[in-house]
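Novice: what follows is a predicted protein model with its sequence.
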Amino acid sequence: MSVSLNESTWVLTSYLIASGIAIPSVDFFCKMLGRKNLFMLSIIIFTCASFICGISNSLPMMIIARVIQGFGGGALLPMAQAISLESFPVEKRAQSMAVFCLVVVLAPIIGPVIGGWITTNFSWPYIFFINIPIGVLAVYLANEFIEDPPYAQKQENVYVDKIGLFFLIGWLTCMQIVLDKGNDADWFGSTWVCWLTFFAVTFCITFFITQGKRKNSLIDITVFKDKNFFIGTLVQIVMMAVFLSSLTILPQFL
């Protein structure tokens with residue numbers, strides 16, 4: 001596509017922004033559509049976006065497809081964990097999570113190897129096209145085997161925290177643009193970087209304040225009072241930072 005290495009990072013970061021917005025919004029959409037319906041819809045969105053990625057002939061087209069893919073893929077992870085936990089009795093939940101985590105750990109290890117083999121022997125679009133038959137199978141199996149418990153079914157008069165969603169989108173988008181393009185613009189030597197940083201910090205602080213004070217907030221931040229959950233989340237942040245950084249830098253070095 002004849003783009004620079006700096007521009008190419010948007011293929012990854014556009015997915016991450018969309019995924020970061022989708023994950024906290026899962027609760028609202030589950031109530032609005034029903035969890036099983038949302039789970040199947042997310043797979044369909046991810047699969048269709050993968051096809052668009054494969055046929056992309058320009059960077060903007062690829063980025064738009066990756067944003068769509070991020071919305072579908074981001075919503076899948078929390079629902080998959082919830083469904084896995086509820087599908088087994090209490091004494092089997094640790095085993096189900098162990099299998100789930102095994103897949104999560106193995107996928108980033110096996111994925112680049114398979115992706116490299118496919119790219120070498122076929123062409124790069126096929127690393128996206130390979131998702132299509134798997135996505136079709138996943139939708140079929142989800143429809144056959146997943147059943148929603150009463151509290152996860154479609155509800156009427158669902159409230160959405162529009163203020164929280166606005167601040168979340170503003171915070172993540174501004175922060176990501178600064179981190180992606182700040183180095184090219186001499187960081188805080190650039191006026192627009194300073195302004196976007198200001199908005200990112202302001203939106204971030206306001207988001208957490210509103211989530212703590214509003215009754216029907218987008219996310220329930222009181223869960224962070226649980227020490228194990230809080231420490232686990234911090235560890236997860238560090239792990240993902242290292243993993244995604246290496247994912248971006250390593251191919252450029254190679």
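Specialist: Sure, I can see it.

Novice: residues in contact with stretch 160-171?
Specialist: By C-beta atoms under 8 Å, 6 or more residues apart in numbering, the residues outside stretch 160-171 that reach it are 20-21, 24-25, 28, 32, 199-200, 203-204, 206-207, 210-211, 214, 216-219. Every residue, glycine included, has its C-beta placed from N, CA and C.

Novice: out of those residues, which are inside helices?
Specialist: Of the contacts of stretch 160-171, the ones assigned to helices by DSSP state H are 20-21, 28, 32, 199-200, 203-204, 206-207, 210-211.

Novice: just the buried residues from those residues, in ChimeraX please.
Specialist: The buried subset of those, as determined by 16 or more other C-beta atoms under 10 Å, is captured in ChimeraX by this line:
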select :20,21,28,199,200,203,204,206,207,210,211
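
Novice: so, if you compare the ones in helices among the contacts of stretch 160-171, which one comes nearest to residue 71?
Specialist: Comparing the ones in helices among the contacts of stretch 160-171 against residue 71 with C-beta to C-beta places residue 21 closest, at 7.4 Å.

Novice: where does pLDDT dip in the stretch 151-254 of the chain?
Specialist: Within the stretch 151-254 of the chain, no range satisfies pLDDT under 70.

Novice: one more pass at 90, please.
Specialist: 151-165, 168-169, 172-173, 176-186, 188-190, 208, 210-224, 236, 239-254 (pLDDT under 90).

Novice: in it, mark out all the helices, start to finish.
Specialist: 162-181, 191-213, 227-253 (DSSP state H, counting those that start in this stretch).

Novice: from the contact counts, what lies against the longest one?
Specialist: The elements that helix 227-253 packs onto, with contact taken as 3 or more C-beta pairs under 8 Å, 6 or more residues apart in numbering; DSSP states H and E, are helix 10-22.

Novice: packing partners of the helix it packs on?
Specialist: helix 59-86, helix 162-181, helix 227-253.

Novice: tell me which of the ones you listed sits nearest to residue 11.
Specialist: Here helix 59-86 is closest among those (C-beta to C-beta), at 5.8 Å.

Novice: list the buried residues in that closest one.
Specialist: 59, 62-77, 79-80, 82-83.

Novice: cool, and stretch 94-101?
Specialist: 96, 100.

Novice: mean confidence for it?
Specialist: Here stretch 94-101 scores 87 as its mean pLDDT.

Novice: what sits against residue 218?
Specialist: 24-25, 27-28, 160-161, 164-165, 168, 211.

Novice: nearest to residue 129 among these?
Specialist: Once C-beta to C-beta is applied, the member of the contacts of residue 218 that ends up nearest residue 129 is residue 25, at 28.2 Å.

Novice: what about that closest one, distance to residue 229?
Specialist: 20 Å (C-beta to C-beta, to the nearest Å).

Novice: among the ones in helices among the contacts of stretch 160-171, which one sits closest to residue 181?
Specialist: Of the ones in helices among the contacts of stretch 160-171, the one sitting nearest to residue 181 (C-beta to C-beta) turns out to be residue 200, at 12.7 Å.

Novice: so what's residue 52 closest to, chain neighbours aside?
Specialist: residue 65 (3.9 Å; C-beta to C-beta, 6 or more residues apart in numbering).

Novice: hmm, I typed the wrong one, I wanted residue 247.
Specialist: residue 12 (7.0 Å).

Novice: could you do residue 171 as well?
Specialist: Residue 171's closest residue in space is residue 203 (C-beta to C-beta, 6+ apart), at 3.8 Å.

Novice: from residue 102, how far off is that neighbour?
Specialist: Taking C-beta to C-beta, one finds residue 203 at 37 Å from residue 102.
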